[in-house]
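> All I have is the shape, not the residue letters:
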């Protein structure tokens, strides 16, 4: 399966964005899904991930309460809803899914740039 992320763009502080990750095939067998980000000049960072039917969950402390990850297996989609965005959320965002890996990282999508600026 291949993943393609979209939905990035320029948003003002306090705004919202929903990122989408489209899979070329079924996600049914992928246990875990997640979103990572790479701020300019920095290393990749896990933002949020969920697996094992929700029994596993991770949310980066700096985004706690502002992000929601969801998946729609019927549509082969993974979403990241981000609210109350801050300039420090500016980064390239990547989706990833995992068959058995935790955090998810077996298949990666290309990045989508999110810029939070006034």
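Structure received. In this text the structure is predicted, and so the values were computed from the model without any measurement. Residues are numbered from 1 along each chain as shown.

> so residue 112 touches residue 17, yeah?
No. Counting by Cβ atoms under 8 Å, residue 17 is not a contact partner of residue 112; they are 9.5 Å apart. To be clear about C-beta, it is placed using only N, CA and C from the backbone, and glycine gets the same treatment.

> where does the protein dip in pLDDT?
Low-confidence segments of the chain (pLDDT under 70): none present.

> ranges for the strands of it?
Taking DSSP state E as the test, the strands found in the chain are 3-6, 9-11, 17-23, 32-38, 45-51, 56-59, 67-72, 77-82, 91-98, 107-110, 112-116.

> possible to save the ones you listed as a markdown table with mean neighbour count?
Putting these into a markdown table (neighbours: other Cβ atoms under 10 Å) gives the following:
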| stretch | mean neighbour count |
| --- | --- |
| strand 3-6 | 18 |
| strand 9-11 | 14 |
| strand 17-23 | 20 |
| strand 32-38 | 24 |
| strand 45-51 | 20 |
| strand 56-59 | 15 |
| strand 67-72 | 16 |
| strand 77-82 | 21 |
| strand 91-98 | 23 |
| strand 107-110 | 18 |
| strand 112-116 | 18 |
